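> Sequence first, predicted model second:
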Amino acid sequence: MNNLAVLHHYRGEYEKAFQVFEDAINYAQRSGYVRAQALALSSLGDLLTDLHELERAEECFDQALVIASQLGDSFLVFYASVAKARIARLGDRIAVADALLKDIFAYIQQNSSSTDEAFFRMEYGCLLLFSNKFHAAVDELANAISLYEQDGRILEVCISKLWLVAARLATGELDPGSLHLAELLSTYKNLKEPTPLHVAAMGVQRWFEKSNQPQTSFSILQPFFTQADEFAKKIPLILKNLRRISKSAFISPPHISIQAFGSAQVFLNGKQIMLSDWQTRETRDLFFFFLGSKPLTKDEIAAIFWPDLSPERLKMRFKTSLYRLRHAVGQNTILFEGERYRFNHFVDYEYGLEIYKEFVEKARLEKNAAKSTLLLQAAVDIVTGPHLADIDTEWADWERTQFESQHHKNLLLLAELYLDVGQIDRVIKVCQTALESNNILEEAYRLMMCAHAKLGDTSAVARVYKACSKTLRIELGINPSRETEKLYQNLI
């Protein structure tokens, strides 16, 4: 299972890899295969490191280290230690990384294979680069490449070469032609699973940006950096998907958590953004407006929020509100592109309304009725109150009305699904939920009547019908529809 998950990982199929890793860890725990558990934890740690989930990755390697130490497995201890050093380096804990690598240097001298030594030297070379010991970094990375080439590890050779180019640039290398960039690109094009190289390119890119060389000198490497940028943009979405499928605590909570059912609330790293952080309620409302809107110009936004302000006052009000919003939630949360402002859907966030819609869409596509019912129930469970309940504006009223209309349809569909399988209590509960927010939904009354009829309780059928009649008469001044009347007559 671990090998299959690693293959998915190398192909960039992070969701598939994550699921197999979790299953492998759980299976190993139940079966008592502790070494297999440590291997899967280490591989999962590598995946999480790619996604910058450094704390969770380190927890995986810590667990693997405990198991490996108990087993006396020197290779696993070595691998997890190098991986922890990489995490420390990525977290700018250079001294910690250095200490970890020095602790396992004896393993390299006594027990290691050429591949193990190459793995160590590549990480040590990266650490030297981050420590500004550029010439030493060049030597270590060159040694790593030589060792990997001996074993025919083409992917690792490419990754090491990419770091070597960065190290040589840092030394002041003035001849891009001597860096063998074309050779690196040629090898890259033949890789079947290049995702690890794209991950490495994300880390390497900073050294190219710091270089005094003209960027055109390294245009041949643009495919690496283009793919690295694309991968970086995908990370928040990958994490969002992993949170949906995770059966454990291997994924950290989102950077921004947004709740719109009931009181509109936003949490930043688990801490609620209070009104004092927003500074004004209008700033918070503007954030939720961006969440639900398409990209809009400043004038289009102003027409909704400040239609009566003069151009001079409007300019200052808009600038101040946007500053407060970005200060509260983050500078990159609201983007300005093509003269339009929009919410940045690539930030690491989770929004209850979006999760609701995802469950509903999956339920719609699911052909198995039982699975569809579970998905629809999961969507309904998310709704804990009216949408944007404490935002009293015309645009929020419109969003609220649109949501409630669709939500009522979903509730009625869920009730029908429960009725089809005879889960009468659930039918009644779902219908009552629908009527709490809209007490004139005749279809909800009809479904409740059918549910009671299945139990043979005609007196309950009559009570529901009378409640329906009374409500419609009071609220709308009308009688039940012919469909409701006919159903009632048939049921009693």
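Okay, I see it. Everything numeric in this text was worked out from a predicted model, so none of it was measured.

> Please look at residue 127 and residue 99 and confirm they touch.
No: when contacts are counted by C-beta atoms under 8 Å, residue 127 is not listed as touching residue 99 (10.8 Å). Where C-beta positions appear, they are placed from N, C-alpha and C, glycine not excepted.

> Looking at these two, which is more packed in?
residue 127 (22 against 12; other C-beta atoms under 10 Å).

> Do you know the pLDDT at that one?
For residue 127, the model assigns a pLDDT of 95.

> need the contact list for it.
Going by C-beta atoms under 8 Å, 6 or more residues apart in numbering, residue 127 touches 85, 89, 94, 97, 98, 101.

> Which of the helices or strands spans the first one?
In the assignment (DSSP states H and E), residue 85 maps to helix 74-90.

> Can you list the buried residues in the very next helix or strand once past that helix?
Heading C-terminal from helix 74-90, the first helix or strand you meet, by DSSP H and E, is helix 94-103. Neighbour-count burial for helix 94-103 flags 97, 98, 100, 101 (criterion: 16 or more other C-beta atoms under 10 Å).

> Once you drop chain neighbours, what's closest to the last one?
Pointing back at residue 101 there. In space, and not counting its chain neighbours, residue 101 is closest to residue 85: 5.0 Å by C-beta to C-beta, 6 or more residues apart in numbering.

> swap in the first one?
Residue nearest to residue 97 in three dimensions, not counting chain neighbours: residue 88, with 3.8 Å by C-beta to C-beta, 6+ apart.

> how about the buried residues of helix 94-103, which pair is most distant?
Largest separation among those by C-beta to C-beta: 98 and 100, giving 7.3 Å.

> Give me the common contacts of the two.
Taking C-beta under 8 Å, 6+ apart as the criterion, residue 98 and residue 100 both touch residue 85.

> between the contacts of residue 127, which is nearest residue 343?
For these, the nearest to residue 343 is residue 89 (33.3 Å; C-beta to C-beta).

> and the closest one, how many residues sit next to it?
23.

> repeat for residue 166
Using other C-beta under 10 Å, the number of residues around residue 166 comes to 27.

> dump the residue contacts of it.
Contact analysis of residue 166 by C-beta under 8 Å, 6+ apart lists 129, 204, 207, 208.

> what's near enough to touch the first one?
What that stands for is residue 129. Residue 129 is in contact with 137, 141, 163, 166, 167, 170, 207, counting by C-beta under 8 Å, 6+ apart.

> Let's see that with 7 Å instead.
Residue 129 makes contact with 137, 166, 167, 170 under the criterion C-beta atoms under 7 Å, 6 or more residues apart in numbering.

> got it, and the third one?
With contact taken as C-beta under 7 Å, 6+ apart, residue 207 is in contact with 166, 169, 170.

> Among those, which lie within helices?
Here DSSP state H is the test, and the contacts of residue 207 give 166, 169, 170 as lying in helices.

> Show the pLDDT at the second one.
In the predicted model, residue 169 carries a pLDDT score of 85.

> Do you know the pLDDT at the spatially closest residue to it that is not a sequence neighbour?
Once flanking residues are discounted, residue 169 sits nearest to residue 211: 4.8 Å by C-beta to C-beta, 6+ apart. Note for residue 211: predicted pLDDT of 71.

> what about the protein, any weak spots by pLDDT?
Within the chain, the segments meeting pLDDT under 70 span 111-112, 174-180, 212-218, 249.

> quick one: the helix holding residue 85 to chain centroid distance?
26 Å (C-alpha atoms, centre = their mean, to the nearest Å).

> So which other helices or strands are in contact with that helix?
Using 3 or more C-beta pairs under 7 Å, 6 or more residues apart in numbering; DSSP states H and E, the elements in contact with helix 74-90 are helix 34-50, helix 54-71, helix 94-103, helix 114-130.

> Tell me the one of the contacts of residue 207 nearest residue 226?
The closest of the contacts of residue 207 to residue 226 turns out to be residue 166 (C-beta to C-beta; 17.0 Å).

> need the ones in helices among the contacts of residue 207 in a markdown table with distance to residue 492, can you?
Below are the ones in helices among the contacts of residue 207 laid out as a markdown table (distance: C-beta to C-beta, whole Å):
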| residue | distance to residue 492 |
| --- | --- |
| 166 | 81 |
| 169 | 85 |
| 170 | 86 |
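
> which one of those residues sits closest to residue 122?
Looking across those and measuring by C-beta to C-beta, the closest to residue 122 is residue 166, at 12.2 Å.

> Do you have the strands of this protein handy? List them.
256-259, 265-268, 271-272, 334-337, 340-343, 349-351 (DSSP state E).

> wait, which of those is closest to residue 186?
strand 334-337 (35.6 Å).

> quick one: the helices in the stretch 351-492 of the chain?
Secondary structure of the stretch 351-492 of the chain, counting by DSSP state H, counting those that start in this stretch: helices at 352-365, 369-382, 394-420, 424-437, 442-454, 458-476, 482-491.

> and residue 37, which of those is closest to it?
Among these, helix 369-382 comes nearest to residue 37, with 29.9 Å by C-beta to C-beta.

> ok, and for the closest one, which residues are buried?
Using 16+ other C-beta under 10 Å as the test for burial, helix 369-382 gives 372, 373, 375, 376, 377, 378, 379, 380.

> Wait, the last one touches residue 415, no?
It stands for residue 380. No: contact criterion C-beta atoms under 7 Å: residue 380 and residue 415 do not qualify, at 10.1 Å.

> tell me, what residue is most central in the protein?
For the chain, the residue nearest the mean C-alpha position is residue 240 (1.9 Å; C-alpha atoms, centre = their mean).

> Look up the closest residue to that one, ignoring the ones flanking it.
Closest to residue 240 by C-beta to C-beta, 6+ apart is residue 350, at 6.5 Å.

> Regarding residue 384, what are the backbone dihedral angles?
Here is the backbone geometry of residue 384 (degrees, to the nearest 10): phi -110, psi 10.

> Burial check on residue 264, number of neighbours?
By other C-beta under 10 Å, 20 other residues sit near residue 264.

> What of residue 340?
Neighbour count for residue 340, taken as other C-beta under 10 Å: 14.

> burial count for the closest residue to it other than its chain neighbours?
Leaving aside its sequence neighbours, residue 340 sits nearest to residue 295 (C-beta to C-beta, 6+ apart; 3.8 Å). By other C-beta under 10 Å, 15 other residues sit near residue 295.

> Phi first, then psi, for residue 295.
When read as degrees, to the nearest 10, the backbone of residue 295 gives phi -60, psi 130.
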